[in-house]
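Q: structure here, sequence nowhere to be found:
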């Protein structure tokens, strides 16, 4: 599958209050030179159109000065790279490091591996547990 996007296409977002969490506009007030931070998790864009420049009014809390800046809202639609299941990623990581996989390892019906490194390698098991926990946290 592939995505095909026509260049230069813009569209209106029919949302009076369009928030963009994780995005801030930072700079200095042109009047008093104090730092100004506008957090778009709290401040919204009113009925924005993608792919086109638009004016945005900034306001300084220190001196109440207002000025406009030009912004542009671009939207990207992507197909994310497929990640292997956690057990496959762990198995591959062990093989890359030269750590043997127990030939008697069995997968249960849910696809989880049990006893897939030799029992005498306790340090390797601890590392594996840490990797598995981290992968599990990242996938949620």
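A: Arrived safely, thanks for sending. A quick note: this is a predicted structure, and the numbers were derived from the prediction, not measured.

Q: tell me where the model's unsure across the protein.
A: Residues of the chain meeting the criterion pLDDT under 70: 83-88, 91, 94-95, 97-126, 140.

Q: excluding covalently adjacent residues, which one is nearest to the residue positioned nearest the centre of the chain?
A: Residue closest to the average C-alpha location in the chain (C-alpha atoms, centre = their mean): residue 22, at 10.1 Å. Distance criterion C-beta to C-beta, 6 or more residues apart in numbering; nearest residue to residue 22, sequence neighbours excluded, is residue 41 at 7.0 Å. Glycine gets a C-beta too; all of them are placed from N, C-alpha and C.

Q: how many residues are close by the one you found?
A: 11 (other C-beta atoms under 10 Å).

Q: against residue 1, how distant is it?
A: For residue 41, the distance to residue 1 (C-beta to C-beta, to the nearest Å) stands at 33 Å.

Q: that's a helix at residue 92, yeah?
A: Yes - under DSSP: H, G, I helix; E, B strand; the rest coil, residue 92 sits within a helix.

Q: packing partners of the longest helix seen in the chain?
A: Using DSSP state H, we find that the single longest helix of the chain is helix 122-138. With contacts taken as 3 or more C-beta pairs under 8 Å, 6 or more residues apart in numbering; DSSP states H and E, helix 122-138 sits against helix 86-96.
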